[in-house]
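> Below are the sequence and a predicted model for it; my questions follow.
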Amino acid sequence: MPNERAKRMTFLRPAEVKAAIQKAVKAAPVVDMHTHLYDPSFGGLLLRGIDELITYHYLIAESTRASGLAPAKFYAMPRKARAEFVWDELFVKRSPVSEAARGVLTTATAYGLDPRRDGLDGMRKFFKGLSPEKHVDLAFATAGVESAVMTNDPFNDAERASWERGGRGDERFQAALRIDPLVIDLPAASAKLRAWGYGVAGDFSGASASELRRFCGDWIKRMNARYAAMSFTPDFAWPDASLRGRILGEAVIPACRDASVPFALMIGVRRRIRPELGDAGDGVGKGDPSSVGRLCAEFPDATFLCTMLAREDQHELCVTARKFSNLKVFGCWWFLNNPSLVREITAMRLELLGLTFVPQHSDARILDQVVYKWRHSKEVIADVLSAKYADMAKAGWRPARDEIDRDVEALFSGNARDWLRLDK
Ligand code: FIX
Ligand code: ZN
């Protein structure tokens, strides 16, 4: 029987497909699933402006490497001098070809600046006097970001104080409960937990599991957290009889399941392989995607978001996700957020998962980074999608414009909105 809907639709000619995809991707509002940004009501925690942008930890690694300057000497400088050092090393002495350096250019240019003509001082003038609220409006409008999920740590005193005062003021910012401190150093975290009225022992004995579950549940509720998350070293394994496995299996995951929020696993960071570099000193290692599959099998009623840091893990993670509908793959994380890798990973995900993944998150730490991170990613994703629709058309399925809009919407906002229940 002929398909009645198809009979009424107008299909794009092959030559029109690429432009339709580019237009849809460019216009697509973004739900940014993982950032380190904050709602302006969190005060100084929201980092923004040119000096922060230039001293992003990716650029600290690149400029100290290029110059050979000891990290301690770099960090001994005040922020302004650090920015001048990075500018000089990565923009003046050599061309800014790296992804993070190009990002500064893309961002500045999108704001109507001319980084070569204006230089660091000219760019500083542009940002001076922008209120946090106006700055968020500008960055989000330029990047097309509709909402962004923060990374929220109740063990950070400055941040906890903001939550205790009432938390978010701007609906565009959503919360995610970050639980790393609990797992990395339970004895230290448990002392704080006990002071806050949760009977958690440093060795996880007695009523610790139920008390920690109660703590996670309370904070998910207080923050209206859209998910709980942790970044894991490459040795993440499941099953896991260690303290880490018990904390996750007996407290954190059950609390997420009770609250109907996903648990996000970000796997593959080798923390502080060069400790003197601080945040810039982390590395990457291969993980074990099959462990993620075993976790999904053990908790079929829980939902897991997962991104892995090693390029080598991407294929096995996709194959694992094909078997578990409670496993949601997202983003090209950190050292993978480079056009060459976004291209290969996105193509593979489309081939193995269809449209059931979230291709990117920004991981922005500085407000203005949403501009370049989304521009650069969108450009590559649009290219990859165009090639896939061309292949599909060759195979006998010419797309219609509203189908392209529908699919693009799912990738940039709809899937994330569903998984994080943002409409609820
Ligand atoms: O653990 C994480 O959430 C990482 O994304 C970051 O902490 C990391 O430093 C980063 O900013 C990567 O882009
Ligand atoms: Zn992050």
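Ah, there it is. Numbers count the residues shown, from 1 in each chain. Ligands and ions are numbered 1, 2, ... in the order given.

> hey, let's count contacts and neighbours off CA atoms from now on
OK.

> show me the contacts for the residue nearest to Val358 when sequence neighbours are not counted.
Excluding its sequence neighbours, the residue lying closest to Val358 (C-alpha to C-alpha, 6 or more residues apart in numbering) is Phe330, at 4.6 Å. Phe330 makes contacts with Leu305, Cys306, Thr307, Phe357, Val358, Pro359, Gln360, His361, as judged by C-alpha atoms under 8 Å, 6 or more residues apart in numbering.

> and the fifth one, what is it in contact with?
I take that to be Val358. Applying C-alpha under 8 Å, 6+ apart, the residues contacting Val358 are Lys328, Val329, Phe330, Gly331, Leu411, Phe412, Asn415, Ala416.

> Go through those residues and flag which are in helices.
Asn415, Ala416 (DSSP state H).

> follow-up on the earlier one: and the residue nearest to Val358, how far from ligand 1?
13 Å (C-alpha to the nearest ligand atom, to the nearest Å).

> Now the terminal residues of stretch 285-293, how far apart.
Start and end residues of stretch 285-293 are separated by 19 Å (C-alpha to C-alpha, to the nearest Å).

> Would you mind listing what in the stretch 151-300 of the chain touches ligand 1?
Counting by C-alpha under 6 Å from any ligand atom, the stretch 151-300 of the chain comes close to ligand 1 at Ser231, Asp279.

> For stretch 180-195, output the C-alpha coordinates as CSV.
C-alpha atoms of stretch 180-195 as CSV (Å, rounded to 0.1, in the frame of the first residue of the first chain):
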residue,chain,number,x,y,z
ASP,A,180,33.3,12.7,42.7
PRO,A,181,34.4,13.9,46.2
LEU,A,182,32.3,11.1,47.8
VAL,A,183,33.9,8.4,45.8
ILE,A,184,37.5,9.7,45.6
ASP,A,185,37.8,10.4,49.3
LEU,A,186,35.0,9.0,51.4
PRO,A,187,36.7,9.5,54.8
ALA,A,188,37.1,13.2,54.1
ALA,A,189,33.6,13.5,52.6
SER,A,190,32.0,11.5,55.4
ALA,A,191,33.2,13.9,58.1
LYS,A,192,31.3,16.7,56.2
LEU,A,193,28.3,14.4,55.7
ARG,A,194,28.1,13.7,59.5
ALA,A,195,28.3,17.4,60.2
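
> Residues contacting it, please?
Against stretch 180-195 from outside (C-alpha under 8 Å, 6+ apart): Phe155, Gly199, Val200, Ala201, Gly202, Asp203, Ala229, Met230, Ser231, Leu243, Arg244, Ile247.

> average pLDDT across it?
When pLDDT is averaged over stretch 180-195, the result is 97.

> what's the nearest residue to Gly283 if we skip its chain neighbours?
Arg270 (4.7 Å).

> contacting residues for the closest residue to ligand 1 within the stretch 101-250 of the chain?
With C-alpha to the nearest ligand atom as the measure, Ser231 is the residue of the stretch 101-250 of the chain nearest to ligand 1, at 4.9 Å. By C-alpha under 8 Å, 6+ apart, the residues touching Ser231 are Asp180, Leu265, Met266, Ile267, Gly268, Val269.

> go again using 10 Å as the cut-off
178-180, 264-269, 271, 306-309 (C-alpha atoms under 10 Å, 6 or more residues apart in numbering).

> Who wins on neighbours among those residues?
Met308 (30 neighbours; other C-alpha atoms under 10 Å).

> Show me what that one is bridged to.
In this entry, Met308 is beta-bridged to Ile267, by DSSP bridges.

> for the closest residue to ligand 1 within the stretch 301-424 of the chain, what are its contacts?
Distances between the stretch 301-424 of the chain and ligand 1 by C-alpha to the nearest ligand atom are smallest at Trp334, namely 4.0 Å. For Trp334, the residues meeting the contact criterion (C-alpha under 10 Å, 6+ apart) are Tyr58, Val269, Val284, Met308, Leu309, Ala310, His361, Ser362, Asp363, Ala364.

> Look at the last one and report its pLDDT.
What the model reports for Ala364 is a pLDDT of 99.

> what about the helix or strand in which Glu344 is found, distance to the chain center?
Here Glu344 is covered by helix 339-353, with elements defined by DSSP states H and E. Chain-centre distance of helix 339-353: 17 Å, with C-alpha atoms, centre = their mean, to the nearest Å.

> Which strands or helices does that helix pack on?
Other helices and strands packing on helix 339-353, by 3 or more C-alpha pairs under 10 Å, 6 or more residues apart in numbering; DSSP states H and E, are helix 314-323, helix 369-394.

> all strands for this protein, in order.
In the chain, the strands defined using DSSP state E lie at 30-32, 145-149, 173-178, 225-232, 263-267, 269-270, 283-284, 304-308, 327-329.

> Those strands into JSON lines, with extra columns for distance to Leu45?
As requested, those are exported to JSON lines (distance: least, C-alpha to C-alpha, whole Å):
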{"stretch": "strand 30-32", "distance to Leu45": "18"}
{"stretch": "strand 145-149", "distance to Leu45": "14"}
{"stretch": "strand 173-178", "distance to Leu45": "13"}
{"stretch": "strand 225-232", "distance to Leu45": "18"}
{"stretch": "strand 263-267", "distance to Leu45": "22"}
{"stretch": "strand 269-270", "distance to Leu45": "23"}
{"stretch": "strand 283-284", "distance to Leu45": "25"}
{"stretch": "strand 304-308", "distance to Leu45": "25"}
{"stretch": "strand 327-329", "distance to Leu45": "28"}
